[in-house]
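Novice: Provided below for reference: sequence and predicted model.
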Amino acid sequence: MNVLFVCRGAELLGVEYLSSFLKRAGHRTELLFDPALEDNLYFKNPFAREFRLNDKTMKRIERFNPDLIAASALTGTYLKVRKLSMELKRRFGVPALIGGVHATALPEMALNDGFDMVCRGEGEEALLELVTKLEAGKGPGNTRNIWFKKGGKIVRNGLRPLIQDLDSLPMPDKDMFFRCGAFTDTLYVMTGRGCPFKCTYCFNHFYQKIYCGLGNYVRRRSVENVIEEIKLSQKKHNVRFVEFLDDTFTLDRGWVEKFCAEYGESVGIPFRILTHPATVNKKILTQLKLAGCRDIAIGVESGDSKIRRKVLGRDTTNEQILKAGASVKNAGINLQLFVMFGVPDETPEDMWKTVELVRRIRPKKVGASVFYPFPNTKLMEYARERGLINAAASSENEAGGTGSNNQGSYYYESVINHPHRMDAENLKNLVPISNAFPFLHPLVKRVYRKDLGRAGEALGLVYVPFRNPDRAARKLGEYVNMWIASRR
């Protein structure tokens, strides 16, 4: 069977795993990739045209002759992925399926939006079973994880157990995104699935709930399996940097120790990880440094302990954060902090505590954002209860299109009716710059509560490289490559 994947904006590792899983079973896959040159979640380019299905693209799809449209979307990309999927469904007369976090959170909405089926949760086994049935001329039936409409009513199949042995999965199909220019010399890797923490603004607590009793939620590939993937990619592509996308890379210290020993010996190229301040210590950081770790990103989110604990669900103290930050820097590893402004109940004074905490830690770089209420998260419900999201805005938000940019993203403006929205947006733009240039700190304190007008918009553009200069350079390179690939 021929399955055409549709996605937008960036390389999606989940789609790569689905593609390789289907290919191993003898099916054919292809990718329709919208590079999102005009608004790719990181920055907007008003001079770029919106991606459209031109004659050249349609001829390529016609040659592939899809039997199923399989879309994948984040909240911020849902609107345009849906538009593309519906046009392909109409032109080719084949069913359209959607999966991913957004569709898992809002399956009824996706079905009412024209999708024939929704894949909730982990998709490899569910998609293969569905494709096998469709190829045999059958309907989805009782395929677990798959929701669909029958006689105007929604059939809600239950979830299958989570895949426990991640090594049993084939290596992700990187080639499909490489051809689109979505990555160049940076390899994006996931060493595991699931996160044990329950931050209120993140989807993980929602996934933990729906998968309760269906296997261990946090799982990890073997070190050997991860190293094998990197080596395979090195042979095929010019890999110079590895970015591990796991939410908490240092969760299992025994695994990390083994990884560091093997990675340092057999790979050795620089890499970046994300982690939690409670899971790092001097020993593990020394091993990471020796293995080639160049950058570590840690989520702080707020400098106010009450906001962190009661609103964000992050039970860490300032002392833990300061200690973790100092340990990373003492190990000779570049430190990046993630902070968030404009969360419910946050006052300007609370926001300034975040600025001061960043100033005390003095990281190499800061990733600052405004709070975005993702569907089915506890913090979205809390914001709704607080009257910060009205019914119309809530509906638009769930469709992935809230804000003047008509696109859901925490890199742009606040989308809730926060009483101190302006302050949050100003600090989102100012903090990365003041961290890079500390002498600007007094100026930031004087102006962050003022209406900066067009100057604020300009700062929004200026701040992008200061959020993470190295990553901004890589993303810019990928942006250029995606533009070149889209012109072929």
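Specialist: That came through, no problem.
Novice: show me the shaky parts of the chain.
Specialist: Applying pLDDT under 70 to the chain picks out residues 40-47, 391-412, 464, 467-468, 471-472, 487-488.
Novice: centroid-nearest residue for it?
Specialist: Geometric centre of the chain, nearest residue: residue 74, 7.6 Å, by C-alpha atoms, centre = their mean.
Novice: what sits against the closest residue to that residue other than its chain neighbours?
Specialist: Spatially, and ignoring its direct neighbours in sequence, residue 74 is nearest to residue 102 (5.9 Å; C-beta to C-beta, 6 or more residues apart in numbering). Heads up, the C-betas are built off the backbone N, CA and C, glycines and all. By C-beta atoms under 8 Å, 6 or more residues apart in numbering, residue 102 lies in contact with 73, 74, 75, 78, 110, 375, 400.
Novice: widest-spaced pair of the residues you listed?
Specialist: Using C-beta to C-beta, those reach their maximum pairwise distance at 74 and 110, which is 13.1 Å.
Novice: now for residue 85, how many residues are close by?
Specialist: 26 (other C-beta atoms under 10 Å).
Novice: and it, that's in a helix?
Specialist: Yes: using DSSP: H, G, I helix; E, B strand; the rest coil, the assignment for residue 85 is a helix.
Novice: which ones are touching the closest residue to it other than its chain neighbours?
Specialist: Nearest residue to residue 85, sequence neighbours excluded (C-beta to C-beta, 6+ apart): residue 71, at 4.5 Å. Residue 71 makes contact with 5, 6, 7, 81, 82, 84, 85, 96, 97, 98, 99, 115 under the criterion C-beta under 8 Å, 6+ apart.
Novice: 7 Å instead, please
Specialist: Contacts for residue 71 (C-beta atoms under 7 Å, 6 or more residues apart in numbering) come out as 6, 7, 81, 85, 96, 97, 98.
Novice: any idea what it is bridged to?
Specialist: residue 6, residue 98 (DSSP bridges).
Novice: that older thread, so after the strand or helix carrying the residue nearest to residue 74, what's the next helix or strand?
Specialist: Using DSSP states H and E, residue 102 maps to helix 101-105. Next helix or strand after helix 101-105 toward the C-terminus (DSSP H and E): helix 107-112.
Novice: restrict that following helix to CA atoms and write it as CSV.
Specialist: Presented in CSV, the C-alpha positions along helix 107-112 are these (Å, rounded to 0.1, in the frame of the first residue of the first chain):
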residue,chain,number,x,y,z
PRO,A,107,-9.7,13.5,18.2
GLU,A,108,-13.4,14.5,17.8
MET,A,109,-12.4,17.9,16.4
ALA,A,110,-10.1,16.3,13.8
LEU,A,111,-12.9,14.0,12.7
ASN,A,112,-15.3,16.9,12.5
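Novice: now residue 166: closest residue in space, sequence neighbours ignored.
Specialist: Distances taken as C-beta to C-beta, 6+ apart place residue 221 nearest to residue 166, at 4.5 Å, with adjacent residues excluded.
Novice: go on, residue 418?
Specialist: That would be residue 342: by C-beta to C-beta, 6+ apart, it lies 5.0 Å from residue 418.
Novice: so who does that neighbour touch?
Specialist: Residue 342 touches 370, 371, 414, 418, 421, 424, counting by C-beta under 7 Å, 6+ apart.
Novice: farthest pair within these?
Specialist: 371 and 421 (10.0 Å).
Novice: between those two, who's got more neighbours?
Specialist: Set residue 371 next to residue 421 and count neighbours by other C-beta under 10 Å: residue 371 wins out with 27 against 18.
Novice: in the sheet, who's paired with residue 118?
Specialist: Bridge pairing for residue 118 - DSSP bridges - gives residue 98, residue 147.
Novice: what about it, distance to residue 212?
Specialist: 20 Å (C-beta to C-beta, to the nearest Å).
Novice: between these two, point out the one with more neighbours.
Specialist: Neighbours were counted for residue 118 and for residue 212 using other C-beta under 10 Å; residue 118 has more, 24 against 10.
Novice: measure the more buried one to residue 34 for me?
Specialist: In terms of C-beta to C-beta, residue 118 sits 20 Å off from residue 34.
Novice: break the chain down into its domains, please.
Specialist: Domain ranges of the chain: 2-160, 183-371+418-482, per automatic domain parsing.
Novice: closest one to residue 387 among the ones you listed?
Specialist: Across the domains of the chain, closest to residue 387 is domain 183-371+418-482 (C-beta to C-beta), at 9.8 Å.
Novice: measure the closest one end to end?
Specialist: 8 Å (C-alpha to C-alpha, to the nearest Å).
Novice: can you tell me which residues contact the residue nearest to the centre of the chain?
Specialist: 100, 101, 102.
Novice: and which of those residues is nearest residue 231?
Specialist: residue 100 (28.8 Å).
Novice: residue 224 versus the closest residue to that closest one other than its chain neighbours, what's the distance?
Specialist: Sequence neighbours aside, residue 72 is the residue nearest to residue 100 in space, at 4.5 Å (criterion: C-beta to C-beta, 6+ apart). Residue 72 sits 28 Å away from residue 224, taking C-beta to C-beta as the criterion.
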